[in-house]
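>>> based on what follows, work out the 3D shape:
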Amino acid sequence: KINQPDLQYEADLLGDKYINQDLMRYELHRVWVVDATLRDGTSHQFKRRTFYIDEDGWNIVAVDAYDNRDELWKFQEAANVHLPTGQFVGGAPELIYDLQSGLYFSTAMTNEGQPNDFSVTYEDRHFSPQTLKRRTTR
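Model (predicted):
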C-alpha cells in the first residue's frame, strides 16, 4: 500500500516520528546477515553496522547502525517493491530512523511524482578514464 499513487506525503504517509505503519507490509523472509565493524586506525560515524540482505533480490532491506559507544543509533529500512520501469526489485521508500534524536528521513517515494526511469543508457565512452577524469576536475 505504501506506493499507491493516490496517497499524499503530508496527509497519508509521513508522521511525526515514523512513516504510517498501516501502509507498510512486513513478512518473514530469508536474509543474509552481514556484520561490518570499523577497521582499527580508521574513522566513521558508525562503529558497527549489521546489514540484512534479501536472499531473492540481493537488496539491503534493513541496517542496524551503532555509534562509537556500541549503542544502536540508526535503523534503516527499505520497502521491497517491484520497479516495473527497471524490471527489478528495489527499495521504495527508503527510511532512516535516528533513534537518539527521534527524527527520520524518507527518500525514494514516488506517490506524488513519477517513478524513476531506469531505461537510460550510456555509451561505453562515458566511462573511460579520460572522461571520468575530465568530469571530476571541473
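>>> which residues touch the residue positioned nearest the centre of the chain?
For the chain, the residue sitting closest to the mean C-alpha position, by Cα atoms, centre = their mean, is E94 at 4.1 Å. With contact taken as Cβ atoms under 8 Å, 6 or more residues apart in numbering, E94 is in contact with 76-79, 106-108. The way it works is simple: take the backbone N, C-alpha and C, and place the C-beta from them, glycine included.
>>> with these in mind, which one is nearest to D40?
Of all the contacts of E94, D40 sits closest to Q76, with 24.9 Å by Cβ to Cβ.
>>> with adjacent residues omitted, what lies nearest to that closest one?
For Q76, ignoring the flanking residues on the chain, the nearest one in space by Cβ to Cβ, 6 or more residues apart in numbering is V63 at 4.1 Å.
>>> and the helix or strand containing the one you found, what's its mean pLDDT?
Element membership of V63, judged by DSSP states H and E, is strand 60-66. In this model, strand 60-66 carries a mean pLDDT of 97.
>>> which positions in it come out as buried?
60-66 (16 or more other Cβ atoms under 10 Å).
>>> that older thread, which of the contacts of E94 are buried?
With neighbours counted by 16+ other Cβ under 10 Å, the contacts of E94 contain buried members at 76-79, 108.
>>> can I get those in JSON lines with distance to I53 and pLDDT?
Formatted as JSON lines, the buried ones among the contacts of E94 follow (distance: Cβ to Cβ, whole Å; pLDDT from 0 to 100):
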{"residue": "Q76", "distance to I53": "12", "pLDDT": "97"}
{"residue": "E77", "distance to I53": "13", "pLDDT": "96"}
{"residue": "A78", "distance to I53": "11", "pLDDT": "94"}
{"residue": "A79", "distance to I53": "15", "pLDDT": "89"}
{"residue": "A108", "distance to I53": "18", "pLDDT": "87"}
